[in-house]
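**Student:** quick one, fold the following:
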Amino acid sequence: MAAMKIQQAREAMRAGRLDTAVATARDVLSAEPASVDALEILSLAARQRGDTATAERELRRIIAIAPDAGWARDDLARLLLEAGRSAEAEAEARATVAVAPANADAHAMLGAFLSGREALVEGAWHLRTAIALAGRHPQLLLNLARNLMRQGALEEASALAAEVSHAQPNLLAAAVLTVEIAEQAGDLDAAHRAIEQASRLATREGRDVLLLRATLLSRDARWTEALALLDRQPAMSGAALLLRGRLRDRAGRYEEAWRDFTAGKATLSAASGRRYDAQGVEAHFARLAAMHLPETPRVGRRDGPQPLFILGMPRSGTTMTEQLLASHSRITAGGELPFTAELRDFAGRMLGDGQPFPHGMGKIAAADHHHVPALLRDFYLARADVYSLRQAGPAFFTDKMPLNEIYLPLLQLAFQEAPMVAVRRHPLDILVSVMAHDLTHGFDCGYRLEDAAHQLAAVSALTGGYRERLGLPPHIFAYERFIADQAGETERLMAHVDLPVEPAQASFHESRRHAPTPSYAQVREPLHDRSIGRWKNYRAQLTPILPIVEAAMEVGGYET
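**Tutor:** Numbering: from 1, shown residues only. This next block holds a predicted model:
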């Protein structure tokens, strides 16, 4: 009888008679309160009516009754995502993977969540798993291709985009991705050919690829065409405003460029909801400044490639420094690795008693905690293993995640012999470059000039205290000194790393490696000094923040 009523309820749903379907499902539940089929009908009916609260309640009832009902978890995750509750949606996807490892939808969602917050290696793993389980569906392939592009694996990303375009020639997303990959690979001829197809498809759908075309034109001698194209637009996205600002800067139209930078940043901040919490940063840095790490037995070095830490603010020259180092045969480029923040959280869970890091770090003074530094080392290296950075051959792999230096004592605790390179550049040049690009590093400080200046000054004060109190002197690699004396500064850098200079480092800009950061195009150019003193074009706009960064400028020996 119940089965017949469920069939009747489903037929009523298909016919659009929701009241009948709901009444029939409730009749079944009155006799069988644990009927998953009846609860599913109530959930589906609620979704069709826009009653997401009821739909969520019924799905949770299903999961409580049948924890292995992967479809219900999938539906709940999608419902939560549509409601803007992405963290809860991710938790449901994770729970589904735990109870149903062969659920392709859950792997696809988890892959998308991880990729969205730059956990790219892990995101790619789940996307590949979803493809293995569900087949080579175009959207899965495109999601993986975009992930790989952001990792810098352009060849595989290009092959995936081509596969989708071959299967679905009229798919705009595939055509756009093809252009983006070719542009980032530096194959501008292929990118120009591909954008014509993307433009045709966009026009057919009533859309445009204006920003993509302008980005492509900005890469070569036709950059003035890109500027003219953007100058004609009455309204633009935040990303387009930043691009136009960079082009106006290039054309010497500095006041207009700065207006674009500030307007673009405000637009991006409003769209993303990202804000810099200056008070929260100050409180966090105060805890770090007061951190006391007692003497512990020296941590031994594990065999295999070791981390080489490149420290510095975003836009300070860390990508260039990594390209220089990774041009050496014994050094692998790791890029912006998330391991230091994970190491901080790992240490906090072990020692913090529920309080934020660095609470509890003093516990390692006790003999029964002397093993903790080795655990921290092994945690970091285990994460490097997952990223395939510890394969035999190289001596080092780089870690250039911006602002790793705020956890310098923690890194020193785990890796007492690891080379550390602090990249230094004129603070005002850094701030101008930060304003010209969309960056989320540094607690989202990059959306207002005042916030970026506050972050730069706070980091300078914190790391200066580390050097004075803890004796942690990384090698200083000054951007301006390197431009003036490439050979000499390279020799000094490699002496710190304890490796001989190799000829390829003299032409590091010719490296075939793609650096997946906003600097990917600049590091392919021969060394030049055009970015030195760029701040002078914006002297009036920078004047209000000079008192904030004055001390940081003095530390580096910079003047106005």
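**Student:** and the strands in the protein?
**Tutor:** 306-311, 331-332, 396-399, 420-424, 475-478 (DSSP state E).
**Student:** show me where pLDDT drops low in the chain?
**Tutor:** Along the chain, the model assigns pLDDT under 70 to residues 1, 472, 512-528.
**Student:** against residue 326, how distant is residue 389?
**Tutor:** Going from residue 389 to residue 326 by CB to CB, to the nearest Å gives 12 Å. For every residue, glycine as well, the C-beta is placed using N, CA and C.
**Student:** what residues are shared contacts of these two?
**Tutor:** residue 332 (CB atoms under 8 Å, 6 or more residues apart in numbering).
**Student:** in this protein, which residue is closest to the centre?
**Tutor:** With distances taken as CA atoms, centre = their mean, residue 118 lies nearest the centre of the chain, 3.6 Å away.
**Student:** could you pull up phi and psi at residue 208?
**Tutor:** phi -140, psi 160 (degrees, to the nearest 10).
**Student:** list the contacts of the residue nearest to it when sequence neighbours are not counted.
**Tutor:** Nearest residue to residue 208 in three dimensions, chain neighbours excluded: residue 202, at 5.5 Å (CB to CB, 6 or more residues apart in numbering). Counting by CB under 8 Å, 6+ apart, residue 202 touches 172, 208-209.
**Student:** most neighbours of all those, which one?
**Tutor:** Within the contacts of residue 202, most neighbours by other CB atoms under 10 Å means residue 209, with 21 neighbours.
**Student:** list the contacts for it?
**Tutor:** If a contact means CB under 8 Å, 6+ apart, then residue 209 has 176, 179, 195, 198-199, 202 as its contacts.
**Student:** one more time with 6 Å, if that's ok
**Tutor:** When contacts are counted by CB atoms under 6 Å, 6 or more residues apart in numbering, residue 209 touches 198-199, 202.
**Student:** which one of these is nearest residue 288?
**Tutor:** Nearest to residue 288 among the contacts of residue 209 is residue 198, at 46.6 Å by CB to CB.
**Student:** burial of the closest one, as a residue count?
**Tutor:** Neighbours around residue 198, by other CB under 10 Å: 24.
**Student:** tally up the residues packed near the closest residue to it other than its chain neighbours, please.
**Tutor:** Excluding its sequence neighbours, the residue lying closest to residue 198 (CB to CB, 6+ apart) is residue 175, at 3.9 Å. The local packing of residue 175 (other CB under 10 Å) involves 25 other residues.
**Student:** got a list of what residue 175 touches?
**Tutor:** Residue 175 sits next to 197-198, 201 when contact means CB under 6 Å, 6+ apart.
**Student:** centre of the chain to stretch 321-339, how far?
**Tutor:** 17 Å (CA atoms, centre = their mean, to the nearest Å).
**Student:** contacting residues around it?
**Tutor:** 310, 380, 383, 389, 394-401, 423, 477, 499, 502, 504-505, 508, 511, 513, 523.
**Student:** narrow the contacts of residue 175 to those in helices?
**Tutor:** Of the contacts of residue 175, the ones assigned to helices by DSSP state H are 197-198, 201.
**Student:** same list, the residues you listed, but as JSON lines with distance to residue 469 please.
**Tutor:** As requested, the ones in helices among the contacts of residue 175 are arranged in JSON lines below (distance: CB to CB, whole Å):
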{"residue": "197", "distance to residue 469": "59"}
{"residue": "198", "distance to residue 469": "55"}
{"residue": "201", "distance to residue 469": "59"}
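**Student:** identify the residues contacting residue 122.
**Tutor:** Taking CB under 6 Å, 6+ apart as the test, what residue 122 contacts is residue 114.
**Student:** what residues sit buried inside stretch 489-507?
**Tutor:** In terms of neighbour count (16 or more other CB atoms under 10 Å), stretch 489-507 has its buried residues at 489-490, 492-494, 496-497, 499, 501, 505.
**Student:** give me the distance between the two termini of that stretch.
**Tutor:** Stretch 489-507 has an end-to-end distance of 14 Å (criterion: CA to CA, to the nearest Å).
**Student:** from the rest of the structure, what touches it?
**Tutor:** With contact meaning CB under 6 Å, 6+ apart, stretch 489-507 is reached by 324, 327-328, 330, 419, 475, 477, 481-482.
**Student:** rewinding a little: any chance of the strands of the chain in CSV, plus distance to residue 353?
**Tutor:** Shown next, in CSV, are the strands of the chain (distance: least, CB to CB, whole Å):
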stretch, distance to residue 353
strand 306-311, 28
strand 331-332, 38
strand 396-399, 29
strand 420-424, 30
strand 475-478, 36
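**Student:** would you reformat those as JSON lines and include mean neighbour count and distance to residue 16?
**Tutor:** Below are the strands of the chain laid out as JSON lines (neighbours: other CB atoms under 10 Å; distance: least, CB to CB, whole Å):
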{"stretch": "strand 306-311", "mean neighbour count": "26", "distance to residue 16": "61"}
{"stretch": "strand 331-332", "mean neighbour count": "22", "distance to residue 16": "60"}
{"stretch": "strand 396-399", "mean neighbour count": "24", "distance to residue 16": "57"}
{"stretch": "strand 420-424", "mean neighbour count": "23", "distance to residue 16": "63"}
{"stretch": "strand 475-478", "mean neighbour count": "19", "distance to residue 16": "68"}
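**Student:** not counting sequence-adjacent ones, nearest residue to the residue nearest to the centre of the chain?
**Tutor:** residue 338 (7.1 Å).
**Student:** how about residue 389?
**Tutor:** Per CB to CB, 6+ apart, closest to residue 389 is residue 397, 4.2 Å.
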